[in-house]
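*Asks:* generate coordinates for the sequence data below:
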Amino acid sequence: MMNRSWIPLLLIASTFSAGPDAEAAKPKPAVRGALKAAPRPKISTQAKRLILAKDYLGFRVFVRKAYSLKMSHSEWYEIKNLISQNCDRAGYDLISFWNARNSSGKNEIDLQLEKADALMLSGKYEEAFTETQAVAKKLKQMIRSRPDARILIPYVFHTMGRALYGARRFQESMEVYQWINTAYPHIRQVLFEKMWAAFKAGRVDIAMGAIASQRSSYFTTYLPAESYLIQTYLLKRLCREDDLSQVNAEMKHYEEKLTQGDIRDWVSKDVTTSILWQLSQLKPKPTDLLGLVSAADRASEQKEIMSALNRVYEKQKPIILSDIKTILAYAHLAKVSDTSTVLKPVESLKSRDALLKQDLEIWPSESNEEWLDEIGKHVLIGESLCNKVK
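*Replies:* Okay, here's the model as predicted:
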């Protein structure tokens, strides 16, 4: 039942295109007697001004307009680097948008990643894993000489984890997902897939921990529908009826909010949509560089962002509602069924002492303190109630 909406690895395609164009950098012979035209400001210089002013909406609009302008490869490359460094404020979608303009062609790594994607889509998971593993090794060797290699590595790890899952190597898949850091824009999707890998590997503690990480305050309050399904199933196996009732109440509340058409919780489901929402809600500031990007162009871009978000939301809403209704029905069935005859109970979980031996810190689940680097590190250490005398 795992969601197989493959995230294109080539979101950062052509990251390894050649550096500034050497040919464009060569001095051109002067034409005797010719009048010198006033040099136009470099496009990349103007883009840097927007970044320095922290005018990220203006930068986004400027990049989209610059796409059709004539420029040297060196200018394209400089803007590419600016996008990579600021996509967490201006939108991750700008990466693929700008890379599509690269005319220098694809290199070996781009071609390997395309091949891996094709193998995944055709169900050849072992071959896809081998291909992406080779790319990961190359990228690690290139980090010192090419800092932008660091940006691509989590995308490669993500595909490696998916390939291992497809090959039914669930334990290894779970381990690869744990290599991906929280700066990755699709980290919540990674946590979702890690949950499935841990569930398939029989690791109840890690599966429930991945669900807890998906509940981080950095995301929306509500979980993906399939996360509720796994949580319901595991809570039933742990005989934790009170917790199961709380999850059912949360699903019903989510169902109500979706029915009302409230988009705010939905847009926080992942980093990518959350950033776009924030851009769409920005108010004009005195520091905005209106001389580079007009107020009208900014308002038009915000309207377009909201329109795009609403289109996706309206398309996904009926699917989510249908899934929640199905899971609520399953939860009701699980609640009235006898665990001993329907589901094999989980009698015990890894102890606190065993976790401490792994150099893990223990924090109470009710603690309000949360750090970004904790996401993905949660593990359930609660006890099974199946062997308790009622």
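*Asks:* pLDDT wise, what is A329 at?
*Replies:* A329 carries a pLDDT value of 86.
*Asks:* and it, how far is that from T273?
*Replies:* Distance of A329 to T273, given as C-beta to C-beta, to the nearest Å: 28 Å. For the C-beta atoms, the positions are set from N, CA and C on the backbone; glycine is no exception.
*Asks:* compare these two and say which is more crowded by neighbours.
*Replies:* T273 (21 against 10; other C-beta atoms under 10 Å).
*Asks:* contact partners for that one?
*Replies:* W266, V267, L309, V312 (C-beta atoms under 8 Å, 6 or more residues apart in numbering).
*Asks:* hmm, L279 and the third one touching each other?
*Replies:* No - proximity of L309 to L279 does not meet the contact threshold set by C-beta atoms under 8 Å, at 10.3 Å.
*Asks:* more neighbours, these two?
*Replies:* L279 (20 against 17).
*Asks:* for that one, which non-adjacent residue is closest in space?
*Replies:* Spatial nearest neighbour of L279, chain neighbours left out: L57 (5.5 Å); criterion: C-beta to C-beta, 6 or more residues apart in numbering.
*Asks:* just the buried subset of the contacts of T273, please.
*Replies:* The neighbour count (16 or more other C-beta atoms under 10 Å) marks W266, V267, L309 as buried among these.
*Asks:* quick check: the first one vs S300, distance?
*Replies:* Read it as W266. From W266 over to S300 the distance is 24 Å, taken as C-beta to C-beta.
*Asks:* in this structure, which residue is closest to the centre?
*Replies:* Closest residue to the average C-alpha location of the chain: H186 at 0.8 Å, with C-alpha atoms, centre = their mean.
*Asks:* which residues touch that one?
*Replies:* I7, H158, D270, V271, T272.
*Asks:* burial check on the last one, number of neighbours?
*Replies:* Think T272. When neighbours are counted by other C-beta under 10 Å, T272 comes out with 20.
*Asks:* change the start of the numbering to 55 and stick with it
*Replies:* With 55 as the first residue, the last one maps to T326.
*Asks:* show me the shaky parts of the chain.
*Replies:* Within the chain, the ranges that satisfy pLDDT under 70 run 55-94, 157-160, 201, 271-272, 388-439, 441-444.
*Asks:* which neighbouring elements make contact with the helix ranked longest in the chain?
*Replies:* Longest helix in the chain by number of residues (criterion: DSSP state H): helix 349-390. When contacts are defined as 3 or more C-beta pairs under 8 Å, 6 or more residues apart in numbering; DSSP states H and E, helix 349-390 sits against helix 110-120, helix 279-291, helix 295-313, helix 318-321, helix 325-334.
*Asks:* how about a markdown table for the ones you listed, with distance to L245 added?
*Replies:* What follows is the helices and strands packed on helix 349-390, written out as a markdown table (distance: least, C-beta to C-beta, whole Å):
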| stretch | distance to L245 |
| --- | --- |
| helix 110-120 | 26 |
| helix 279-291 | 9 |
| helix 295-313 | 17 |
| helix 318-321 | 17 |
| helix 325-334 | 12 |
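*Asks:* who wins for proximity to S176 among those?
*Replies:* Shortest distance between S176 and the helices and strands packed on helix 349-390, using C-beta to C-beta, is found for helix 279-291: 24.1 Å.
*Asks:* the closest one versus helix 349-390: what angle between them?
*Replies:* Taking axes from the mean of the first three to the mean of the last three C-alpha atoms, to 10 degrees, one finds that helix 279-291 is oriented at 30 degrees with respect to helix 349-390.
*Asks:* for burial, what's the neighbour tally of A154?
*Replies:* 10.
*Asks:* cool, and E309?
*Replies:* 16.
*Asks:* can you report how many residues lie near the residue nearest to it when sequence neighbours are not counted?
*Replies:* Leaving aside its chain neighbours, E309 sits nearest to I378 (5.1 Å; criterion: C-beta to C-beta, 6+ apart). Counted with other C-beta under 10 Å, the neighbours of I378 add up to 19.
*Asks:* so how far is H212 from I378?
*Replies:* The gap separating I378 from H212 is 26 Å, by C-beta to C-beta.
*Asks:* do V301 as well
*Replies:* 27 Å.
*Asks:* for M360, same thing?
*Replies:* M360 sits 28 Å away from H212, going by C-beta to C-beta.
*Asks:* between these two, which has more neighbouring residues?
*Replies:* Taking neighbours as other C-beta under 10 Å, M360 and H212 compare with H212 leading, 24 against 17.
*Asks:* what about the more buried one, which helix or strand?
*Replies:* H212 belongs to helix 203-220 when assigned by DSSP states H and E.
*Asks:* looks like W152 contacts N135 (just checking).
*Replies:* No - between W152 and N135 there is no contact under C-beta under 8 Å: 10.3 Å.
*Asks:* who's more crowded, these two?
*Replies:* W152 (21 against 12).
*Asks:* which residue packs closest to that one, ignoring adjacent ones?
*Replies:* I137 (5.4 Å).
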